[in-house]
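Enquirer: Got a predicted model here, sequence first, then my questions.
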Protein chains: 2
Amino acid sequence: MRGAIMYAPGDVRVENRADPRIEAPTDAVVRLSATCVCGSDLWPYRGIQPMDGPAPMGHEYVGIVEEVGAEVTSVRPGQFVVGSFWASDNTCEICRAGYQSGCVHRVPMGSLGSQAEFLRVPLADGTLVATPEVPDADLVPSYLAASDVLGTGWFAAVAAEAGPGKTVAVVGDGAVGLLGVLAARQLGAERIIAMSRHESRQKLAVEFGATDIVAERGDAGIAAIKDLTNGLGAHSVIEAVGTQESMMQAIRSTRAGGHVGYVGVTHDVSLPGMEMFFSLVHLHGGPAPVRRFLPDLMELIGNRSIDPGRVFDLSLPLDQAAEGYRAMDERRAIKTLLTL
Amino acid sequence: MRGAIMYAPGDVRVENRADPRIEAPTDAVVRLSATCVCGSDLWPYRGIQPMDGPAPMGHEYVGIVEEVGAEVTSVRPGQFVVGSFWASDNTCEICRAGYQSGCVHRVPMGSLGSQAEFLRVPLADGTLVATPEVPDADLVPSYLAASDVLGTGWFAAVAAEAGPGKTVAVVGDGAVGLLGVLAARQLGAERIIAMSRHESRQKLAVEFGATDIVAERGDAGIAAIKDLTNGLGAHSVIEAVGTQESMMQAIRSTRAGGHVGYVGVTHDVSLPGMEMFFSLVHLHGGPAPVRRFLPDLMELIGNRSIDPGRVFDLSLPLDQAAEGYRAMDERRAIKTLLTL
């Protein structure tokens, strides 16, 4: 099959890879309908996250079940399925508490590489969720978004305790931040402040439910949030970048007793203890347990209540994955969908 | 009046100070029935927290209202009152959300110095809670504990979401950690693991409700907590020390999706972003909003359901405050009560 491999920072190639096959009786093999490039794929692409030799890329996926192992009972060949970027058994104590990304048997799907024609999915019963029937083609991008970027934005909004009566600020205008806006809206937030200086992203934020836009960053951005909240800060702040500056911007934009939900992968971030202490904020985040939310999100997509697939503003054939990475790296695209 | 003043690290003297008087119509002046030395008083005493010249000391207090300002309506002279170590209006948006230690008008009582015969309490209506009648003398230590150390341990347990079905680990065997044990028990925790290597503190932890004792610290302590929790870590961890080692011990003892409640003042602590991210823990803490819990805690004390005053294992006259500091510094005493 064809699949994307990153050889070094800036060097992504689509090549022939061995076809995946059932290796454990709990595996499924999925023929992908679409896949995509994640903001987190840009960390190694930019050389910020070290690489250990060439690696298959991608961890987001939707498709048709091709084959299942002998012990798989919840999905069958021919079904359209969505899975999280972590494979999880969904039965352990951690999964049952809603933290499938911390499953005691978890497998990072990025290690298997979903930017390809086929994908082996471990722990298929725990990981995959099937739609009632194969969906219309125009819904595929939204289902694909549910595999990570929607689920991650949703988790951030839940971690930030977005809800009725709350003012939510969103730090980061990438796909996750934008879908954090959508999630906050769905969760009933009263006011949603998107922090973005890019017109196209501001526009999508407003369409997803943002009530206010703040273009400033850093101290000026924090001051703008305070101005909008009686000097107190937002109740809920979504952090969807993962830098020192963005984390501190999120924490400092939150009122005492408020909640920060952070899902940007916190490379080289160090949180100062005394400031955290006196901030009185709640801090929660990490790799999103997308599987927790997947059934509900897929229902909202299936009945066309939400349209998260709109974050894909560039669509390319898998063979042009390299250009998909470049476009995101150069911020010409919010998120690249790869067609098959 | 007599009052304790810290001149420099290790140098506490009880001297004559000006009698406090009503300065604002929202003030009260309280004649103290008892006061005490806090673990946090040891930070400047040990030279870890810089001082800016001689300072009156103490922020914990109970006593009889001596005089009130013209606008004070909720307490009156002659009543026995307890207040938090933060004065708060209890009416602002932050207070109403239960974060009185982040009140927009807050005053740190430490700046007024409660290790003295009298104390001016700003924002008396918002800060002080009166008992129905002047309590029996044997209850005074427990009411005094409610002013900070009980309320702080209680906040830590609430922040850690201690409750039915939960395993709670407590890092720190000072008065706050021990009262975190008591709080976790009152909140219905199933299992409470006290981390302590001191026999007298282990004994009090068990009397307060600990079901297990772990004497190891650091990596060995974390391993012991994992051993007791199917390898997963505790659901809830109370951090009541405030060092880099204790914070990391708390975070690493918590399972994915679990909660860390931290109330040790985090001097020179720096939290590593990537480890925080992948830990999937909830982190919440800071200066405890004791006022949120005060009415309930005072009721539990008044009806003798709890006996938090047992953390005072040394009682000295105010004039011997210096010895009270020394005994705590040298860990000869858990907590020193100062009589008047």
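Expert: All right, it came through fine. Numbers count the residues shown, from 1 in each chain, chains lettered A, B, ... in the order given.
Enquirer: And A:L314, how close does it get to A:A321?
Expert: For A:L314, the distance to A:A321 (Cβ to Cβ, to the nearest Å) stands at 11 Å. To be clear about C-beta, it is placed using only N, CA and C from the backbone, and glycine gets the same treatment.
Enquirer: Between the two, which is the more surrounded one?
Expert: For A:L314 versus A:A321, neighbours defined as other Cβ atoms under 10 Å in any protein chain shown are more numerous around A:A321 (28 against 18).
Enquirer: Can you tell me how far A:M57 is from A:V75?
Expert: Using Cβ to Cβ, we find A:M57 at a distance of 24 Å from A:V75.
Enquirer: ah, wrong one, I meant A:M328
Expert: From A:M328 to A:V75 the distance is 31 Å (Cβ to Cβ).
Enquirer: just A:E161 next, same as before
Expert: When A:E161 is compared with A:V75 (using Cβ to Cβ), they lie 33 Å apart.
Enquirer: Compare the two (neighbour count), which wins?
Expert: A:V75 (21 against 18).
Enquirer: what stretches of the stretch 101-250 of chain A score poorly on pLDDT?
Expert: Scanning the stretch 101-250 of chain A for pLDDT under 70 picks out no residues.
Enquirer: How about the residue in it positioned nearest to chain B: what's its closest non-neighbour residue?
Expert: In the stretch 101-250 of chain A, the residue that lies nearest chain B is A:G102 (2.7 Å; Cβ to the nearest Cβ). Distance criterion Cβ to Cβ, 6 or more residues apart in numbering or on different chains; nearest residue to A:G102, sequence neighbours excluded, is B:A256 at 2.7 Å.
Enquirer: okay, now that neighbour: neighbour count?
Expert: 25.
Enquirer: got the contact list for the residue nearest the centre of chain A?
Expert: Chain A has A:V149 as the residue nearest its centroid, 2.3 Å off, counting by Cα atoms, centre = their mean. Neighbour list for A:V149: A:38-39, A:60, A:175-176, A:179, A:308, A:311, A:335 [criterion: Cβ atoms under 8 Å, 6 or more residues apart in numbering or on different chains].
Enquirer: Strands of the stretch 1-150 of chain A, start to end?
Expert: Per DSSP state E, counting those that start in this stretch, the stretch 1-150 of chain A carries strands over the ranges A:2-8, A:11-16, A:28-36, A:55-56, A:62-68, A:80-83, A:86-87, A:107-108, A:118-121, A:128-130.
Enquirer: Could you dump those strands into a markdown table with distance to B:D138 and mean neighbour count added?
Expert: Output for those, formatted as a markdown table (distance: least, Cβ to Cβ, whole Å; neighbours: other Cβ atoms under 10 Å in any protein chain shown):
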| stretch | distance to B:D138 | mean neighbour count |
| --- | --- | --- |
| strand A:2-8 | 71 | 20 |
| strand A:11-16 | 74 | 15 |
| strand A:28-36 | 68 | 25 |
| strand A:55-56 | 69 | 16 |
| strand A:62-68 | 68 | 22 |
| strand A:80-83 | 63 | 28 |
| strand A:86-87 | 56 | 26 |
| strand A:107-108 | 59 | 14 |
| strand A:118-121 | 65 | 25 |
| strand A:128-130 | 61 | 22 |
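Enquirer: how about the residues of the stretch 151-300 of chain A that lie near chain B?
Expert: A:230-232, A:242, A:244, A:247, A:255-257, A:262, A:265-274, A:276-287, A:289 (Cβ under 8 Å from any Cβ of the partner chain).
Enquirer: Just to be sure, which of these are found in helices?
Expert: A:244, A:247, A:273-274, A:276-279 (DSSP state H).
Enquirer: Just the buried ones from those?
Expert: If you count burial by 16 or more other Cβ atoms under 10 Å in any protein chain shown, the buried members of these come out as A:247, A:273, A:276-277, A:279.
Enquirer: From the ones in helices among the residues of the stretch 151-300 of chain A next to chain B, pick the one nearest A:V214.
Expert: A:M247 (17.0 Å; Cβ to Cβ).
Enquirer: Once you drop chain neighbours, what's closest to the closest one?
Expert: A:V269 (5.3 Å).
Enquirer: Count the neighbours of that neighbour for me.
Expert: 22.
Enquirer: can you put the strands of the stretch 1-150 of chain A in TSV and add distance to B:E199?
Expert: As requested, the strands of the stretch 1-150 of chain A are exported to TSV (distance: least, Cβ to Cβ, whole Å):
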stretch	distance to B:E199
strand A:2-8	57
strand A:11-16	61
strand A:28-36	56
strand A:55-56	54
strand A:62-68	58
strand A:80-83	53
strand A:86-87	45
strand A:107-108	46
strand A:118-121	54
strand A:128-130	54
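Enquirer: of all the ones you listed, which lies closest to B:A184?
Expert: strand A:86-87 (31.2 Å).
Enquirer: Can you tell me the strand partners of that closest one and which way each runs?
Expert: strand A:107-108 (antiparallel) (DSSP bridges).
Enquirer: Need phi/psi at A:G221.
Expert: As for A:G221, its main-chain torsions (degrees, to the nearest 10) stand at phi -70, psi -40.
Enquirer: can you pull the contacts of it?
Expert: A:171, A:195, A:214, A:249, A:253.
Enquirer: would you turn those residues into TSV with distance to B:Y45?
Expert: Below are the contacts of A:G221 laid out as TSV (distance: Cβ to Cβ, whole Å):
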residue	distance to B:Y45
A:V171	40
A:M195	43
A:V214	44
A:Q249	36
A:S253	36
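Enquirer: before we move on, back to that, can you tell me which of the buried ones among the ones in helices among the residues of the stretch 151-300 of chain A next to chain B is nearest B:G83?
Expert: A:F277 (21.6 Å).
Enquirer: Which stretches in the stretch 101-250 of chain A count as helices?
Expert: Along the stretch 101-250 of chain A, counting by DSSP state H, counting those that start in this stretch, helices occupy A:124-127, A:140-146, A:149-159, A:175-186, A:199-208, A:218-228, A:244-252.
Enquirer: shouldn't A:K226 be in contact with A:L232?
Expert: Yes. With contact defined as Cβ atoms under 8 Å, A:K226 counts as touching A:L232 (7.2 Å).
Enquirer: before we move on, back to that, which residue comes closest to the residue nearest to the centre of chain A once chain neighbours are left out?
Expert: A:V149 sits nearest to A:A175 (Cβ to Cβ, 6+ apart), 4.6 Å away.
Enquirer: That neighbour is in contact with A:G39, isn't it?
Expert: Yes. If you go by Cβ under 8 Å, A:A175 and A:G39 touch, sitting 6.6 Å apart.
Enquirer: and the two? which has more neighbours close in?
Expert: For A:A175 versus A:G39, neighbours defined as other Cβ under 10 Å are more numerous around A:A175 (31 against 22).
Enquirer: Tell me who's in contact with that one.
Expert: A:39, A:145, A:149, A:153, A:311, A:334-335 are the contacts of A:A175 under Cβ under 8 Å, 6+ apart.
Enquirer: now do A:S305
Expert: Here A:S305 is in contact with A:Q186 (criterion: Cβ under 8 Å, 6+ apart).
Enquirer: three-state assignment of it?
Expert: coil (DSSP: H, G, I helix; E, B strand; the rest coil).
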